[in-house]
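Engineer: predicted structure and sequence below. I'll ask about it afterward.
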Amino acid sequence: MAAVQNNFHIAHREETAVLDACAADGTAFVPFFPLGGGRTDLTDDHLVKVADRHGATVSQIALAWLLALSPVALAIPGTGSLAHLEENMAARAITLTPDDLADLTRE
């Protein structure tokens with residue numbers, strides 16, 4: 001099984017066409033740095049607004065967005081603690097609404 005791995009997250013979406021091509025082909029897309037890799041501040045106003053709406057963290061919403069974006073996206077965030085692992089896993093239970101997704105696509 002093949003997979004494509006590219007730098008991709010909510011604040012770095014330049015590879016959306018590659019993700020779309022993977023989805024069309026049924027190829028797994030593995031974004032590295034799905035939470036920005038410590039190099040990108042993910043706390044933009046739209047992300048904070050959606051996180052507040054869900055009672056979630058910004059990181060959880062960034063992961064939920066990635067999972068909602070495409071069925072071939074495999075989010076594998078690194079973690080250094082059990083607390084972060086649990087926080088990341090809880091993102092699976094967040095269902096983003098059409099309003100949430102609209103807020104998250106605004107620049």
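Structural biologist: Thanks, I have the structure now. Numbering: from 1, shown residues only.
Engineer: quick check, residue 100 in a strand?
Structural biologist: No - under DSSP: H, G, I helix; E, B strand; the rest coil, residue 100 falls outside any strand and is assigned helix.
Engineer: now it, nearest residue through space, not along the chain?
Structural biologist: residue 50 (4.8 Å; C-beta to C-beta, 6 or more residues apart in numbering). Every C-beta, even on glycine, is put in place using the N, C-alpha and C of the backbone.
Engineer: phi first, then psi, for that neighbour.
Structural biologist: Per-residue torsions, residue 50: phi -70, psi -40 (degrees, to the nearest 10).
Engineer: then residue 61?
Structural biologist: phi -70, psi -40.
Engineer: do I have it right that it meets residue 90?
Structural biologist: No - contact between residue 61 and residue 90 fails when scored by C-beta atoms under 8 Å: they sit 11.1 Å apart.
Engineer: for the residue nearest to residue 49 when sequence neighbours are not counted, identify the helix or strand it belongs to.
Structural biologist: Sequence neighbours aside, residue 103 is the residue nearest to residue 49 in space, at 6.0 Å (criterion: C-beta to C-beta, 6+ apart). Per DSSP states H and E: residue 103 is located in helix 98-105.
Engineer: that helix - contacts with which helices or strands?
Structural biologist: Contacts defined by 3 or more C-beta pairs under 8 Å, 6 or more residues apart in numbering; DSSP states H and E place helix 98-105 against helix 45-54, helix 58-69.
Engineer: what's the shortest one packed up against?
Structural biologist: Using 3+ C-beta pairs under 8 Å, 6+ apart as the contact definition, the elements that helix 45-54 packs against are helix 58-69, helix 98-105.
Engineer: the longest one too?
Structural biologist: Using 3+ C-beta pairs under 8 Å, 6+ apart as the contact test, the elements touching helix 58-69 are helix 45-54, helix 82-90, helix 98-105.
Engineer: now do 7 Å
Structural biologist: helix 45-54, helix 82-90 (3 or more C-beta pairs under 7 Å, 6 or more residues apart in numbering; DSSP states H and E).
Engineer: what residues does the longest one touch?
Structural biologist: Here helix 45-54 makes contact (C-beta atoms under 7 Å, 6 or more residues apart in numbering) with 10, 57, 58, 60, 61, 62, 94, 100, 103, 104, 106.
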